[in-house]
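Enquirer: got a sequence here, can you model it:
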Amino acid sequence: MGVLSPSLKLSRKLQATTANFFLERCQYSRIALVIKAPTSKLRYLYFGANLYFAARRVDLMGGPFIWAACCIEDDANKSFYVSRIFTEEERALLIEFAAQESIDIYGFNELNHCSISLVADISIRSEKELCDPVIDMSSLNKELVEAYMDAIGERINQDHSIVKQYSLHISSREANSTTDLSDREPSPLREKDRSVQPHSLSLANQGLASERVVAGLLGRLFDLDSLFPSPVANKTLGPEREIIDLICVAQPGLIFFEVKAEQVVVPPRSMERRKANFEKDVRKAVKQLAGAARRVRMEGRMRLQNATICREVEIERQSIRLVVVVDEIYSTSAIDVARQDMSKTGDPICFLELHGLAEIADRSTNMAVFTSMIDQMCERQARLY
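Expert: Okay, here's the model as predicted:
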């Protein structure tokens, strides 16, 4: 197994999506399954969640195509999955993929790090329907395909067995300790070597693992003298302690981040339990963010330090945006309740899934664009919740 070093073509595919899957020809001409998925879903997979694959030939007016899906069973009734249309080139790879006695599987997270490697057996019994060529993608009727994808999405919502056509019997799981020297992740003052420590899904502190993904994403947009993980409050109004997970000095104003990772366990918790935990985490995050904003405004200025720089920031007339980052939004009503706790502060706030933050970061060309998109998200959610 080991870590897969993606080709340039695969790297571009990974960078262009927040969740998808691909077939990739690797060492010794073996065809591997490459999955780009949220960190929490890869963590479920590492801790023992079942993995499924589906591939069906679909005949629509204008020509046949292959619909395929990949599913991580983080819940028996409503699992995480991604689906898409395969090209003729991928159909040929799929036949080779299905003929292998065992397959290699590589999971990539929001930072495009290969964070998990697996080996599995698969038995695809309906190869016949995959043997005939399919229509070229450019010739597909896009409206018909979109209608089909919408329709099968609705069917999957009612019956998740559709994406569990073939079980991938995993015989080996490995969490990769990856270090990407091209990352620009800042280190906190009290943990100066954090940024050079390898990322790993096996970390007992799952919250820290997610915080590092957030810092890594923001490090691609913000200068390191603008990013301060685990910031410590001034001693003026009490003992020195960490107040929130990360502060960005944006243009203009400040962005406060609090990250609440789902604690993945085996067997997986029920959806009811996850919703209850989510509500507690969100309310706690809002309380922490609101408290941090009040505290720095009372002090009037803030000394921010990371492992390489210390700077003083004047708080007067500075706008402060508050961002709660979670693995998955399990309940919008919990967000509505949490927003009520913010009703007296007046600071704009938004709630983002980690992969949603990654999407915003990928779409931003610089910190100003990122800040503007966060403002838009705060305004949109204020209208919705």
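
Enquirer: contacts, neighbours, all on C-alpha from now
Expert: Will do.

Enquirer: low-scoring stretches of the stretch 251-385 of the chain, by residue?
Expert: Residues of the stretch 251-385 of the chain meeting the criterion pLDDT under 70: 341-345.

Enquirer: please, where are all the strands along it?
Expert: 254-260, 301-305, 310-314, 320-326, 349-353 (DSSP state E, counting those that start in this stretch).

Enquirer: between the last one and strand 320-326, how many degrees?
Expert: Right, strand 349-353. 30 degrees (axes from the mean of the first three to the mean of the last three CA atoms, to 10 degrees).

Enquirer: do the same with the third one
Expert: For strand 310-314 against strand 320-326, the angle between stretch directions is 120 degrees (the same axes, to 10 degrees).

Enquirer: contacts for strand 310-314?
Expert: 300-305 (CA atoms under 8 Å, 6 or more residues apart in numbering).

Enquirer: so where's the stretch 101-250 of the chain uncertain?
Expert: Checking the stretch 101-250 of the chain against pLDDT under 70 turns up 124-129, 178-183, 202-203, 233-240.

Enquirer: could you dump the strands of the stretch 251-385 of the chain to TSV with mean neighbour count?
Expert: Converted to TSV, the strands of the stretch 251-385 of the chain look like this (neighbours: other CA atoms under 10 Å):
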stretch	mean neighbour count
strand 254-260	23
strand 301-305	19
strand 310-314	13
strand 320-326	24
strand 349-353	21
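
Enquirer: identify the farthest-apart pair in the contacts of strand 310-314.
Expert: Gly300 and Gln305 (16.7 Å; CA to CA).

Enquirer: against Ser40, how distant is the residue lying closest to Ser270 once chain neighbours are set aside?
Expert: Ranked by CA to CA, 6 or more residues apart in numbering and with sequence neighbours excluded, the top spatial neighbour of Ser270 is Asp75, at 7.5 Å. Asp75 sits 13 Å away from Ser40, going by CA to CA, to the nearest Å.

Enquirer: kindly report the same for Thr18.
Expert: For Thr18, the distance to Ser40 - CA to CA - is 13 Å.

Enquirer: same check, this time on Ser187
Expert: 23 Å.

Enquirer: quick one: the helices in the stretch 151-300 of the chain?
Expert: 206-219, 271-299 (DSSP state H, counting those that start in this stretch).

Enquirer: tell me how far Gly48 lies from Ser171.
Expert: 11 Å.

Enquirer: more neighbours, those two?
Expert: Using other CA atoms under 10 Å, the more surrounded residue of Gly48 and Ser171 is Gly48, with 18 against 10.

Enquirer: excluding residues flanking it in the chain, which one is nearest that one?
Expert: Nearest to Gly48 is Val266, by CA to CA, 6+ apart, at 7.0 Å.

Enquirer: the one you found: neighbouring residues, count only.
Expert: By other CA under 10 Å, 10 other residues sit near Val266.

Enquirer: Asp75 and Ser40: which is more packed in?
Expert: Neighbour totals were compared for Asp75 and Ser40, and Ser40 leads with 23 against 16 (other CA under 10 Å).

Enquirer: got phi/psi on the more buried one?
Expert: When read as degrees, to the nearest 10, the backbone of Ser40 gives phi -60, psi -40.

Enquirer: surely it meets Lys260?
Expert: No. Using CA atoms under 8 Å as the test, Ser40 is too far from Lys260 to be in contact (11.3 Å).

Enquirer: so what sits against both of the two?
Expert: Asp327.

Enquirer: what about the closest residue to Arg297 other than its chain neighbours, distance to Asn277?
Expert: Once flanking residues are discounted, Arg297 sits nearest to Ile315: 6.1 Å by CA to CA, 6+ apart. Separation of Ile315 from Asn277 (CA to CA) stands at 33 Å.
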